[in-house]
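A.B. asks: Build me a model:
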Amino acid sequence: MKRFFSYYAPYKALFTLDFTCAVIVGLLELAFPLIVNLFIDELLPGENVRMILLAAAGLVIIYLFNTLLQFVVTYWGHMLGTNIERDIRNDLYSHIQRLSYRFFDNTKTGKLLTRLTNDLMNVGEMAHHGPEDLFIAVMTLLGAFGIMLTINAELAVISFIVVPVILILAIYFNKKMTVAFRELFGRVSDFNHMIEDKVGGIRLVQAFANEDRELAAFRKINEAFRKTKLKAYKIMSFNNSSTYMLMRLVTVFILIAGTYFVMNDELSYGEFVAFVLISNMLFKPLEKINAIIELYPNGIAGFNHFTEIMREEPDVQERENAVALENVRGNIVYENVNFKYEETTILDNISLSIHPGETIAIVGPSGAGKTTLCSLLPRFYDVDGGSISIDGTDIRDMTLSSLRENIGTVQQDVFLFSGSLRDNVAYGKPEASDGAVYEALRKAQLTELVESYRDGLDTIVGERGVKLSGGQKQRIAIARMFLKNPPILILDEATSALDTETELQIQKALNRLAEGRTTLVIAHRLATIKNADRIMVVTKDGIAETGTHAELLGIDNGIYKGLHDAQFSV
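C.D. replies: Residues are numbered from 1 along each chain as shown. Got it, this is the predicted structure:
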């Protein structure tokens, strides 16, 4: 709660305006039955038309003023809730951006979408209506009861007995609704994840003619979502119906008892009408409390989900006195590096040294840890033991931003944003000119493609680059790296999606890019790395062989020789 209310701090003036106007609206509503009482008992018997019209005009002015206040409460109050919702969403997204790869490896995208959208919309509603409506409801409840006491204490006390019963019922149903809505939000997360997953893979679904299967799976989760939602609404309906019936029974009781008091001259007609009107006002705050109780499970569940993610600490932490990586020469040393993913050992006591400007190729069977070895360098994951240093400084002593700014990575699985060609190429250097972007595209053999599009650099590539071929996407990733121009390169199967002719052209460009830079190349196609300064063969047991292409081919029964013969045998 302390964390929740801290989001009100920047909006004290807005909260005060909204809260004050809401209080005045509540007080003016309480005054209406008293004015009716005055009309019936004082003005009507005197038959003073002028005073009656003046009183009516005064009432209209009060209602106009109240209407203005209602607008302020509705608009500015929702502005308060929306502002808080925005701030919480900004904090959550900022925190998600800092979380490590491990978190995203184990978290569904649909779950994060739900946390950022539906959950926080409910939190925003609670931020507006929660404190304000609860206070106004309690104030109106006590105010109405006080006025009823002044009119007829006996009738007021009897009428008020039902209030604790209604509140007990509301609290009882609230507990059940909290559980139901937590389950519902879990269903929403699964629902969003399934939609994101299946729509994103719609081409694969259609390629395998699996539409009916996916539709059946969708209907199943959609039906589960429906049942969970109906369960929550069933509880809500029981709450609303029982409360409604109790309140209407009280109204009937007041009409009967009030008639008895009027017939015995213990209550005037005006007081009787005022009492009935106030009793109806007594129910409004109860209905508002009920609404808050319905709102509370949604909002508190949403905020709990928010705090759960905010409690997630990134595995990769930046040290307090971290220094910026500058003037990089590119001397990289892995010393006794160990790494586990969950309970599986991926790297065990790996040591290697890479000299400035050297091109190191890493080959080996799938699952041997080649990509993991390179992912540790920009600290996508942290080592479990040992250390990695650049130019003599442990990478854990460097700021993450400066470390990653000086390392360029081209991965096998290329990700493109749904924006333009320009946006994707210039992602690592947003301030780059169109000329610089074109030059990077030229080096990546893509100028012909760009010129074939009517919109040129403004051509939209589609979600995940769907409008481009696999080779084109990979060349855009390479162009992105030409533009960034980092001193250290990691090429993870960077030419795997290219045809042989284009691969040779790109390989030449990559060789030029690698000049004077420290480069780590992960490759399965051995023809692309035969000119590397050194080739390291990585297996599950560690670095099994090291040497040049010629040296490794000269090892009888060597692993590299076996891989080479398998690829080039007819």
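
A.B. asks: Check the offset of the helix or strand encompassing residue 226 from the chain's centre.
C.D. replies: Element membership of residue 226 [criterion: DSSP states H and E] is helix 211-263. Put simply, helix 211-263 sits 31 Å off its chain's centre (Cα atoms, centre = their mean, to the nearest Å).

A.B. asks: what angle separates the helix or strand that that helix is followed by from helix 211-263?
C.D. replies: Following helix 211-263 in sequence order, the next helix or strand is helix 269-310 (DSSP H and E). Calculated by axes from the mean of the first three to the mean of the last three Cα atoms, to 10 degrees, helix 269-310 forms an angle of 150 degrees with helix 211-263.

A.B. asks: Give the buried residues for whatever helix or strand comes next after helix 269-310.
C.D. replies: With elements assigned by DSSP H and E, the helix or strand that comes after helix 269-310 is strand 332-341. Neighbour counts over strand 332-341 (16 or more other Cβ atoms under 10 Å) mark 332-335, 337, 339 as buried. C-beta here means a position set from N, CA and C on the backbone, and glycine is covered the same way.

A.B. asks: With distance to residue 280 added, can I get the residues you listed in TSV?
C.D. replies: Listed next are the buried residues of strand 332-341 as TSV, based on distance: Cβ to Cβ, whole Å:
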residue	distance to residue 280
332	78
333	80
334	77
335	79
337	75
339	69
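
A.B. asks: Among those, which one lies nearest to residue 434?
C.D. replies: When those are ranked by distance to residue 434 (Cβ to Cβ), residue 332 comes first, at 34.4 Å.

A.B. asks: pretty sure that closest one contacts residue 489?
C.D. replies: No: between residue 332 and residue 489 there is no contact under Cβ atoms under 8 Å: 11.4 Å.

A.B. asks: OK, contacts around residue 333?
C.D. replies: 352-354, 388-389 (Cβ atoms under 8 Å, 6 or more residues apart in numbering).

A.B. asks: Cross those residues against strands and list the overlap.
C.D. replies: Among the contacts of residue 333, the members falling in strands are 352-354, 388-389 (criterion: DSSP state E).

A.B. asks: ok, back up a step: what's the helix holding residue 226 packed up against?
C.D. replies: helix 153-160, helix 162-200, helix 269-310 (3 or more Cβ pairs under 8 Å, 6 or more residues apart in numbering; DSSP states H and E).

A.B. asks: got the phi/psi numbers for the residue nearest the centre of the chain?
C.D. replies: Taking Cα atoms, centre = their mean as the criterion, residue 116 is the residue nearest the geometric centre of the chain, at 2.9 Å. Per-residue torsions, residue 116: phi -80, psi -20 (degrees, to the nearest 10).

A.B. asks: still on that earlier bit, tell me the one of the buried residues of strand 332-341 nearest residue 424?
C.D. replies: Among the buried residues of strand 332-341, residue 332 lies closest to residue 424 (Cβ to Cβ), at 28.3 Å.

A.B. asks: contacting residues for that closest one?
C.D. replies: Here residue 332 is in contact with 353-354, 377, 388-390, 488, 518 (Cβ under 8 Å, 6+ apart).

A.B. asks: Going by the annotation, which residue ranges form each domain of the protein?
C.D. replies: Domain ranges of the chain: 1-152+298-314, 153-266, 332-568, per the TED database.

A.B. asks: rank these by mean pLDDT and give me the bottom one.
C.D. replies: Among those, domain 153-266 has the lowest mean pLDDT, at a mean of 76.

A.B. asks: and that domain, how far apart are its ends?
C.D. replies: End-to-end span of domain 153-266 (Cα to Cα, to the nearest Å): 11 Å.

A.B. asks: Tell me which residues of stretch 380-398 come out buried.
C.D. replies: Judged by neighbour count using 16+ other Cβ under 10 Å, the buried positions of stretch 380-398 are 380-383, 386, 388-390, 395-396, 398.

A.B. asks: out of the residues you listed, who's nearest residue 176?
C.D. replies: Ranked by distance to residue 176 (Cβ to Cβ), the buried residues of stretch 380-398 are led by residue 381 at 43.2 Å.

A.B. asks: Would you mind measuring from the closest one to residue 316?
C.D. replies: 7 Å (Cβ to Cβ, to the nearest Å).

A.B. asks: and for the two, which residues touch both?
C.D. replies: residue 100.

A.B. asks: what about the nearest residue to residue 288 once chain neighbours are set aside, helix or strand, and which?
C.D. replies: Of all residues not flanking residue 288 in the chain, residue 137 sits nearest, at 4.3 Å (Cβ to Cβ, 6 or more residues apart in numbering). Assigned by DSSP H and E, residue 137 belongs to helix 118-151.

A.B. asks: Report the angle between that helix and helix 211-263.
C.D. replies: Using the same axes, to 10 degrees: helix 118-151 against helix 211-263 is 10 degrees.

A.B. asks: Identify each buried residue in helix 118-151, please.
C.D. replies: For helix 118-151, using 16+ other Cβ under 10 Å, the buried residues are 118-134, 136-137, 139-141, 143-145, 147-148, 151.

A.B. asks: for stretch 449-464, same thing?
C.D. replies: Applying 16+ other Cβ under 10 Å to stretch 449-464 flags 449-450, 457, 459, 461 as buried.

A.B. asks: Tell me the one of those nearest residue 183?
C.D. replies: For the buried residues of stretch 449-464, the nearest to residue 183 is residue 461 (39.5 Å; Cβ to Cβ).

A.B. asks: ok, that closest one - contacts?
C.D. replies: 416-421, 424, 467-468, 476.

A.B. asks: Only the buried subset of the residues you listed, as a PyMOL command please.
C.D. replies: Burial among the contacts of residue 461 is assessed by 16+ other Cβ under 10 Å; the matching PyMOL selection reads:
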select buried, resi 416+420+421+424+468+476
